[in-house]
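Student: coords please:
(2 chains)
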Amino acid sequence: MKDSPALISNRSNLFSISDLYKYRELFWMLAWRDFRVRYAQTAIGLVWALIQPALTILVLYVVFGRFAQVDTGSVPHIVYTTCGVMAWTYFAYVMTNSGNSIINAQAMVKKIYFPRLIIPLSKAVVGLIDLFITSLILVILMFLFDVPVSRNIVMLPLFLVLNLMAALGIGIWLSGLTIRFRDFQYIIPFGVQLGLYITPTAYPSEFAISRLPEWASFVYFMNPMAGIVEGFRWSILGTEAPAGLSYVSFAAVLVLFFSSVFFFKSIDGKIADYV
Amino acid sequence: MDISIEVQGISKKYRLGRETSGSLRETLSNLVKRSDADSEKEFWALKDVSFEVKEGDCFGIIGKNGSGKSTLLKVLSKITQPTKGTAKMYGRVSSLLEVGTGFHPELTGRENIFLNGSILGMTKREINQKFDEIVDFSGVERFLDTPVKRYSSGMYVRLAFSVAAHLEPEILIIDEVLAVGDADFQKKCLSKMGDAASSGITVLFVSHNMNAVESLCNKAIVLNSGTLSFSGNQKDAITYYLNEQKRLLASQNLTERTDRQGEGRIKLRDCRTVSKTPGEEAIRCGQPMEFVIDLDIVDPSVRDISVSIAISTSRGHQLCDLWSKSSQQELTPTSESMQVRCTIPQLILNKGEFSYNLCVKSGTIVEDWILFAGTFEVESGPFFSGGQVPDPTQGPLLMQQSWQ
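Tutor: Sure, this is the predicted structure:
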């Protein structure tokens, strides 16, 4: 007698954790492909991954640190901002790419089966290049400005995981929504652009909260990155611990991530019909 | 023998207009209008299809475009869910609905072998083991470290097929991937497929190529607008399918046919086949016959007109191509319509049923081209002075011969 058969019905396409595990090699393969392809054709290759965050940091520093004279306490503004940009860049990269991932893989999705969740998930890996480069910038600046590393650094992995979950949670939602409504393709870059300003990357969240009514502060922290950026700075630079409202952000991360997986699960079997 | 695939009452419904990707605005306005009348158009791509495939069978799926073949393969490959019904697959399934799925133009041949292999479900170890074999089979070893965007389309396809050919599934689902590559490589692929079929794995094969289905498969089903209309051995299935096609086409006038191609400045109106033997209506082996073709001249300025007739057996093997230019005779339109006659002084076809395609050209431009334009029956006749014609199963052609 053979193994029990694979059953195909109008429920069978739902992936399970074990199915994802079975396709782990494909996950790494897709991640590696993105890695190879990302800089395959650009003339200065990886340098791009350095120029983009470096310029972002510079502009934010000039606008918020010099023009607006935002007070960042004992930490120099440029170091403060770099730490925020480090969390934000990774988030923005992973969210954008996983958000567009299914639509970009439509040729594949229509022709072969594997758990589709692998596609948006695999985008988290190549974003690590950006995370590495921004953290390199941060280390150099901390050294130059003689900013010590906080003992809270042991908590950094927690915030990295939250950062990853936030990026993937939104990315997975968007990857499913874009195949249904192409409009989201235009919404993503717009959202990234706005997000950089409404997230406290280049200023303390205190700066925003003190100027907002209480309900608006609550809404402000519904942005998952608000709490995460604060957490990054607290664990690396030892700035003030994330405000009580940060827990709104962390709750938002969990809700986004788990709901995205359930949402994706509900449309997985229909993806090939939509694209 | 054990059952390998068990399909029970599979149906697949598509909702036209709605489930296809639309813009947010449309969806919102539909919500507001609540006009479900036009968006609720349903379309059953598959209706209650059931069949069983035994282990080791090479199982063909035949049908016209839009008959549900591809949908069935997609359902069985788990790419899309059925609306109703179940299918049980006993064993590791590999599906090849195209070759080179996931190939990335920027990556080298070597890298794409690994990428494509893992997309097809091979593990890295398996790919490593088979790597040399794959490269060997593809014949592109010299360009292994070149990005595939620099490959010719032939090389690309060869590499892609080679990866696929080295899968070791228990059930293999294939959709017309053989319709690619040059003739030599196609032959290589066919023999590889034949090996697969004879090595005891179960193959599910969709193709328009009746010759391939006939030579590779041992069983087949015919799908017709989503329902299973025939199931049996592959030869009967092909005959059933071709007869069905013929019935459908023969009932139509040439002018009503919409499945035509070409510029349309000249149009085929009618074609008849007649016997040229005095006092004889039937077309017989060895006797003269004539094709009488009526053309409508839509654009009288068209010059250099030629007509061709391609004759095929009832099984779809093309036998010959008759061309008006072979007799050096110029065809010039005289009025809005013209009649062309092609006389065959001595028919070398064996008895049986034949079909033909018609094509009208001006210069090298195809003006009107209809496949399966008509059929004719050849009856036994006095081809050989010495007696009977051979049984048609011995071949469709007759040839004069002398024996010493």
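
Student: which non-adjacent residue is nearest the residue minimising distance to the centre of chain A?
Tutor: The residue lying closest to the centre of chain A (CA atoms, centre = their mean) is A:Phe91, at 2.2 Å. Distances taken as CB to CB, 6 or more residues apart in numbering or on different chains place A:Ala167 nearest to A:Phe91, at 4.6 Å, with adjacent residues excluded. Every C-beta, even on glycine, is put in place using the N, C-alpha and C of the backbone.

Student: any idea how far chain B is from the one you found?
Tutor: To chain B, A:Ala167 is 23 Å away according to CB to the nearest CB, to the nearest Å.

Student: Name the residues of the lengthiest strand in chain B that come out as buried.
Tutor: With secondary structure taken from DSSP state E, chain B has its longest strand at strand B:365-379. By neighbour count on 16 or more other CB atoms under 10 Å in any protein chain shown, the buried set for strand B:365-379 is B:367-376, B:378.

Student: With pLDDT and distance to chain A added, can I get these in TSV?
Tutor: Below are those laid out as TSV (pLDDT from 0 to 100; distance: CB to the nearest CB, whole Å):
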residue	pLDDT	distance to chain A
B:Glu367	92	36
B:Asp368	93	34
B:Trp369	92	30
B:Ile370	89	32
B:Leu371	83	28
B:Phe372	85	30
B:Ala373	87	35
B:Gly374	87	38
B:Thr375	87	37
B:Phe376	91	42
B:Val378	93	44
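
Student: And the furthest pair within the residues you listed?
Tutor: Using CB to CB, the buried residues of strand B:365-379 span at most 29.0 Å, a distance reached by B:Glu367 and B:Val378.

Student: so where's chain B shaky on pLDDT?
Tutor: Residues of chain B that meet the criterion pLDDT under 70 lie in B:1, B:17-40, B:176-183, B:250-251.

Student: Show me the helices in it, by range?
Tutor: B:24-33, B:36-39, B:69-76, B:109-119, B:124-138, B:153-165, B:183-198, B:210-216, B:234-250 (DSSP state H).

Student: B:Ser337 pairs with what?
Tutor: For B:Ser337, the beta-bridge partners are B:Asp296 (DSSP bridges).

Student: got it, and B:Asp321?
Tutor: As for beta bridges, B:Asp321 partners with B:Ala310 under DSSP bridges.

Student: Can you spell out which helices and strands pack onto the longest helix anywhere in chain A?
Tutor: Determined from DSSP H, the single longest helix within chain A is helix A:156-180. Helices and strands touching helix A:156-180, by 3 or more CB pairs under 8 Å, 6 or more residues apart in numbering or on different chains; DSSP states H and E, are helix A:77-99, helix A:101-104, helix A:118-126, helix A:184-198, helix A:224-237, helix A:246-267, helix A:271-274.

Student: Now do the buried residues in that helix.
Tutor: Within helix A:156-180, the residues that count as buried by 16+ other CB under 10 Å are A:156, A:159-160, A:162-180.

Student: Let me see the contact set for B:Arg142.
Tutor: With contact set as CB atoms under 8 Å, 6 or more residues apart in numbering or on different chains, B:Arg142 has no partners.

Student: Centre of the chain to the longest helix of chain A, how far?
Tutor: Centroid separation for helix A:156-180 versus its chain: 6 Å, with CA atoms, centre = their mean, to the nearest Å.

Student: by how many degrees do it and helix A:118-126 diverge?
Tutor: Angle, helix A:156-180 to helix A:118-126, by axes from the mean of the first three to the mean of the last three CA atoms, to 10 degrees: 140 degrees.

Student: In the stretch 251-400 of chain B, what residue spans correspond to strands?
Tutor: Counting by DSSP state E, counting those that start in this stretch, the stretch 251-400 of chain B has strands at residues B:260-261, B:266-275, B:283-284, B:289-297, B:305-313, B:318-323, B:337-344, B:352-362, B:365-379.

Student: Chain B contacts on the stretch 101-250 of chain A?
Tutor: Residues of the stretch 101-250 of chain A lying near chain B by CB under 8 Å from any CB of the partner chain: A:107-114, A:179-184.

Student: Mind putting these into CSV with pLDDT?
Tutor: Formatted as CSV, these follow (pLDDT from 0 to 100):
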residue, pLDDT
A:Ala107, 88
A:Met108, 91
A:Val109, 91
A:Lys110, 90
A:Lys111, 89
A:Ile112, 90
A:Tyr113, 89
A:Phe114, 89
A:Ile179, 89
A:Arg180, 85
A:Phe181, 87
A:Arg182, 85
A:Asp183, 86
A:Phe184, 88
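
Student: Now list the buried members of these.
Tutor: Neighbour-count burial (16+ other CB under 10 Å) applied to these gives A:108-114, A:179-181, A:184.

Student: ok, so of those, who is nearest A:Val75?
Tutor: Nearest to A:Val75 among those, with distances taken as CB to CB, is A:Phe184, at 36.9 Å.

Student: pLDDT score for the closest residue to that closest one other than its chain neighbours?
Tutor: The shortest distance from A:Phe184 to any non-neighbouring residue, by CB to CB, 6+ apart, is to A:Thr178 (4.3 Å). Per-residue pLDDT puts A:Thr178 at 92.
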